[in-house]
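Visitor: task: produce atomic coordinates for the following.
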Amino acid sequence: MTESVLSLATQLSKLLLLEFEALKVQDLDRFESLQPGKNDLLAGLAKLCPSAEDLQNLPEHEELRELLIECRDLHRRNAVLIERKLDTIRGTLHSLHTGETGSPVEVYDRLGQVARFSKGRGYQEI
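Guide: Numbers count the residues shown, from 1 in each chain. Now for the predicted structure:
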């Protein structure tokens, strides 16, 4: 039983690495295609994995415990990356939505100095 659980956990670890690579390059189709396999692996682990108490207390499960901790950390890393990308998208949408009421735009004038536009001023007035 332990070998099959180790195999599932190893496969999950590899899948989580592939998921991260897809997220980094924003390949959402690839990311979505990995989800059913991840769900199957998680379901298999849920059925076969020893109890949390056994994982903590029995030395023969140490390798499995470490592998599951690695999978947890990989999953968290992927979740953080997704959250950061969502925050960026939300910020972009917010700035597009607020239009001119947002923060002033900084541009450089002919002398290389930062010039700020205020409402009603065009670029010719710099």
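
Visitor: tell me the mean pLDDT over the host helix or strand of S7?
Guide: Per DSSP states H and E, S7 falls inside helix 2-24. Over the span of helix 2-24, the pLDDT mean works out to 95.

Visitor: swap in stretch 97-116?
Guide: Stretch 97-116 comes out at a mean pLDDT of 62.

Visitor: what of stretch 83-91?
Guide: Computed over stretch 83-91, the mean pLDDT rounds to 89.

Visitor: also stretch 65-77?
Guide: This predicted structure assigns stretch 65-77 an average pLDDT of 96.

Visitor: okay, L48: pLDDT?
Guide: 91.

Visitor: now it, nearest residue through space, not along the chain?
Guide: Nearest residue to L48, sequence neighbours excluded (C-beta to C-beta, 6 or more residues apart in numbering): V5, at 4.8 Å. Every C-beta, even on glycine, is put in place using the N, C-alpha and C of the backbone.

Visitor: number of nearby residues for the one you found?
Guide: Neighbours of V5 under the rule other C-beta atoms under 10 Å: 19.

Visitor: before we move on, what about F20?
Guide: 15.

Visitor: quick one: contacts for the residue nearest to it when sequence neighbours are not counted?
Guide: Nearest residue to F20 in three dimensions, chain neighbours excluded: N78, at 5.3 Å (C-beta to C-beta, 6+ apart). By C-beta atoms under 8 Å, 6 or more residues apart in numbering, N78 lies in contact with 16, 19-20, 23.
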